[in-house]
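# no sequence for this one, just the structure:
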């Protein structure tokens, strides 16, 4: 008597196996975007701080 596996059953390993790559890709994407935004803001602040001294040759 073969019982058919109910597709509505909760299987933690199956869910982890399916969700982990998606979670990792999302994490890498958000970390990369955050780093790019941080570098852009940092560069903007640096250039704003030193823009008055560009004319004097320092």
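Sure, I can see it. This one's a predicted model, so the numbers in the text were calculated from it and none came from an experiment.

# element containing residue 41?
Assigned by DSSP states H and E, residue 41 falls within helix 12-50.

# list the buried residues for that helix?
Buried residues in helix 12-50, counted by 16 or more other Cβ atoms under 10 Å: none are found. Every C-beta, even on glycine, is put in place using the N, C-alpha and C of the backbone.

# tell me how far that helix lies from the chain's centre.
Its chain's C-alpha centre and that of helix 12-50 lie 3 Å apart, by Cα atoms, centre = their mean, to the nearest Å.

# list the helices and strands it packs on?
For helix 12-50, there is no helix or strand it packs on, judged by 3 or more Cβ pairs under 8 Å, 6 or more residues apart in numbering; DSSP states H and E.

# okay, residue 57: pLDDT?
With respect to pLDDT, residue 57 scores 65.

# and residue 30, by the same measure?
So, for residue 30, pLDDT stands at 98.

# now do residue 12
pLDDT, residue 12: 83.

# just use 715 as the starting number from now, easier for me
Let's use 715 as the start, then, which means that last one is residue 726.

# and the gap between it and residue 736?
16 Å (Cβ to Cβ, to the nearest Å).

# repeat that for residue 759.
35 Å.

# try residue 762
For residue 762, the distance to residue 736 - Cβ to Cβ - is 39 Å.

# in the chain, where is pLDDT below threshold?
715-721, 771-772 (pLDDT under 70).

# try it again with 80
715-724, 768-772 (pLDDT under 80).

# how far does stretch 757-772 sit from its chain's centre?
Computed by Cα atoms, centre = their mean, the chain-centroid distance of stretch 757-772 equals 31 Å.

# so what touches it?
Outside stretch 757-772, not one residue touches it by Cβ atoms under 8 Å, 6 or more residues apart in numbering.

# secondary structure element for residue 723?
Using DSSP H and E, residue 723 sits in no helix or strand.

# ugh, typo on my part, it should be residue 770
Using DSSP H and E, residue 770 falls outside every helix and strand.
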